[in-house]
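Peer 1: Any chance you can model this:
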Amino acid sequence: EVQLVESGGGLVQAGGSLNLSCSISGYLGDDYAIGWFRQAPGKELEGVSCIRSRGGTTYYADSVKGRFTISSDNAKKTVFLEMSSLKPEDTAVYYCNAVRFTSWGPSNSWGQGTQVTVSS
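Peer 2: Below is the predicted model:
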């Protein structure tokens, strides 16, 4: 079973920065993706960024391109989301997600989330 624990959320002023971490335990295999999602009050869950194990391909939502950077430390089994130039609309609960691609289909795991609040 894969377990994910997010940390690093908090309150920051607009224009500021925060770094989120996702600590991963359990077996991932060699083909997986780790992603960050967020959900603001009254809004749907939104994909923010993800990174693939094979090739290190990264993806960013248009709303965060140029401001957020995803990276991974495979030795420490941790994925980071560096967030800069934060805006009030970035306020949300941020969730870490792991998708294992297996021969019998994808397997999803979620963290408990960490609150990010950006004040104007």
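
Peer 1: Tell me which strands the worst-scoring helix or strand of the chain on mean pLDDT pairs with, and in which orientation.
Peer 2: The weakest-scoring helix or strand in the chain, judged by mean pLDDT, DSSP states H and E, is strand 105-110 (a mean of 93). Sheet pairing for strand 105-110, assigned by DSSP bridges, gives strand 92-102 (antiparallel).

Peer 1: Point out where this structure drops to low pLDDT.
Peer 2: Scanning the chain for pLDDT under 70 picks out nothing.

Peer 1: Now do the strands in it.
Peer 2: 3-7, 10-13, 18-25, 32-39, 46-52, 58-60, 68-73, 78-83, 92-102, 105-110, 114-119 (DSSP state E).

Peer 1: Format these as a markdown table; extra columns: mean neighbour count.
Peer 2: In short, each C-beta sits where N, CA and C put it, glycine included. Formatted as a markdown table, the strands of the chain follow (neighbours: other Cβ atoms under 10 Å):
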| stretch | mean neighbour count |
| --- | --- |
| strand 3-7 | 17 |
| strand 10-13 | 13 |
| strand 18-25 | 18 |
| strand 32-39 | 21 |
| strand 46-52 | 19 |
| strand 58-60 | 15 |
| strand 68-73 | 16 |
| strand 78-83 | 21 |
| strand 92-102 | 19 |
| strand 105-110 | 12 |
| strand 114-119 | 17 |
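
Peer 1: Please name the bridge partners of the residue lying closest to residue 50 once chain neighbours are set aside.
Peer 2: Spatial nearest neighbour of residue 50, excluding adjacent residues (Cβ to Cβ, 6 or more residues apart in numbering): residue 35 at 3.3 Å. On the basis of DSSP bridges, residue 35 is bridged to residue 50, residue 97.
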